[in-house]
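A.B. asks: One predicted model, sequence on top.
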Amino acid sequence: MVRDVLIARSSPECHLYIELHPCTCGESELRTKHHLASSDDGLVAVYEGTCPRCGAERRFDLVLDPEIPPGDKFGGDRPSKIIDAGQFLAVADAAAKAVPANTSALDGPARQRARWLMTRAANAIEEVLKFIPPGADRVPAEALFTAAGKEVYLAEPGRFRKLRLEAVLGVYRDVVKEL
């Protein structure tokens, strides 16, 4: 029997994977408890919870990559094997769009949330860039391995060019510094 082993590079990547895989009822929120277990594949992060909408029990078993990424990053040097370039770009878009264009009037908690969102957006763009092979100028087609990721790519393929991604990343990092 062949089974799919999901390899995650960090706790933030595990949580994002869960977020991107809603319940069959459509609910994307899931409060989980998690523990570590050992398997033939390595150390496994096990996330379990109950869907708040329909009550379905949900479980995610994600084998942890031995490379430990820095801080709040989604991963280390290698690209994700469970979240594709298009999905990461969509995550970056959603996070950045949730921050007001003029952040000067934000109070403490709102400013902190905006900083978290823009850091998430920057981290997601960094992940998209990891899918570009050395010497290439864009994300290759094989870096889009989910229907959702392919949909993002087909909507605007030019957004997957290295120069454009680096420019967006620079803007997001500047906003984080201002916050």
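C.D. replies: Alright, I've got the coordinates. Being a predicted model, the structure only gives us computed values, none of them experimental. Numbers count the residues shown, from 1 in each chain.

A.B. asks: CA atoms for contacts and neighbours, from now on please.
C.D. replies: Will do.

A.B. asks: what's in contact with the single longest helix found in the chain?
C.D. replies: Ranked by number of residues, the top helix in the chain under DSSP state H is helix 108-130. If you take Cα atoms under 8 Å, 6 or more residues apart in numbering as the criterion, helix 108-130 is touched by 73-75, 77-80, 84-86, 88-89, 91-96, 98-99, 103, 139, 160, 162, 165-166, 168-169, 172-173, 175-176, 179.

A.B. asks: buried stuff in it?
C.D. replies: 111, 113-130 (16 or more other Cα atoms under 10 Å).

A.B. asks: for stretch 17-32, how far is the first residue from the last?
C.D. replies: Counting by Cα to Cα, to the nearest Å, you get 13 Å between the two ends of stretch 17-32.

A.B. asks: what comes into contact with that stretch?
C.D. replies: Taking Cα under 8 Å, 6+ apart as the criterion, the residues outside stretch 17-32 that touch it are 47-54, 56, 58, 60, 82-83.

A.B. asks: Show me just the buried residues among these.
C.D. replies: 47-51, 60, 82-83.

A.B. asks: Secondary structure for those residues - can I get that in a markdown table?
C.D. replies: A markdown table is the format used below for the buried ones among the contacts of stretch 17-32 (DSSP: H, G, I helix; E, B strand; the rest coil):
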| residue | secondary structure |
| --- | --- |
| Tyr47 | strand |
| Glu48 | strand |
| Gly49 | strand |
| Thr50 | strand |
| Cys51 | coil |
| Phe60 | strand |
| Ile82 | coil |
| Ile83 | coil |
